[in-house]
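**Student:** Here's my sequence, what's the structure:
(2 chains)
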Amino acid sequence: MDGSFALSRLKQERKEWRKTHPYGFVARPTKNENQILDYFEWDCIVPGKKGTLWAGGKFKMKLYFPEDYPASPPKARFVPPLFHVNCYPSGTVCLSILSDGWKPGINLKQIMLGIQNWFDDPNPESPAQRPALELFLKDRGEYDQKIREQTAQNL
Amino acid sequence: MSQEKTESTENNQITLKVVDPQGGETVFRIRKTTKFTKLFKVYCERKGYQIGSIKFTFDGILIDEDQTPDELDMEDEDIIEAHLRQVGGF
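**Tutor:** I've put the predicted structure just below:
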């Protein structure tokens, strides 16, 4: 596996994304020091959805694609890590479509929209960090307040 | 001969989509070497915005009105996002 199949799919995803991406979302391959595009590491912005505590926020995220993509899913990591029941302390997103629910046909737009929906859909059955889980279980109002503050810091 | 000329003219042009937060889409066909000043002005006039009240971004990065599609390596049908200045944060 030399990643050439992955690369052609990633170029195709990028081409499609440029012409059809949803408003406010950003996803572009990074450039190395010689200005060469690295299609396996992307800089992204996921906007918070209207009508949620995340609205107005623009959250910075990295997507890392493995060499055997699309057989395996990319890893999504928020930088800095988010306060969210299902965000690991490293910033990595814990989401079914990016693990056992992954299918090679899932495209970039579906990943990005899936992550936007994930913001406002905390799942305490599958927690990834302690501080957010504890507050979520103890006091939902306080959890929501923390989310609001986080959004305000990411306008 | 004439066909060749048409082709070279076409190659020098690019179709760009300006998208607003409500999902509205305005399509422009401009020369790849034309500065964005003109497109921004026409867009604002058409939409009834004051020039300067809208920021335009490509790939999440602000577009300077002195830049051209060529300079930004733009391709046909690429999306430009229009943002109201007070909402922004880019």
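
**Student:** Sort out which residues of stretch B:39-49 are buried, please.
**Tutor:** Neighbour-count burial for stretch B:39-49, counted by 16 or more other CB atoms under 10 Å in any protein chain shown, picks out B:39, B:40, B:43, B:44, B:49. Placement of C-beta: from N, CA and C, glycine included.

**Student:** Can you report how many residues lie near whichever residue of chain B sits closest to chain A?
**Tutor:** Chain A sits closest to residue B:60 of chain B, with a gap of 3.3 Å, by CB to the nearest CB. As a burial measure, residue B:60 scores 17 neighbours (other CB atoms under 10 Å in any protein chain shown).

**Student:** Equivalent analysis for residue B:27, please.
**Tutor:** 9.

**Student:** Neighbouring strands - and their directions - for the helix or strand that contains it?
**Tutor:** Element membership of residue B:27, judged by DSSP states H and E, is strand B:25-31. Here strand B:25-31 has these sheet partners by DSSP bridges: strand B:13-19 (antiparallel).

**Student:** Which residues outside the strand it pairs with are in contact with it?
**Tutor:** The contact list for strand B:13-19 (CB atoms under 8 Å, 6 or more residues apart in numbering or on different chains) reads A:19, A:23, B:25-32, B:39, B:43, B:56, B:69, B:74-82.

**Student:** For the helix or strand harbouring residue A:116, buried residues please.
**Tutor:** Using DSSP H and E, residue A:116 maps to helix A:108-119. For helix A:108-119, burial by neighbour count (16+ other CB under 10 Å) applies to A:108, A:109, A:111, A:112, A:114, A:115, A:116, A:118, A:119.

**Student:** Was I right to think the third one contacts residue A:98?
**Tutor:** Yes - applying CB atoms under 8 Å as the test, residue A:111 and residue A:98 come out as touching, 7.3 Å apart.
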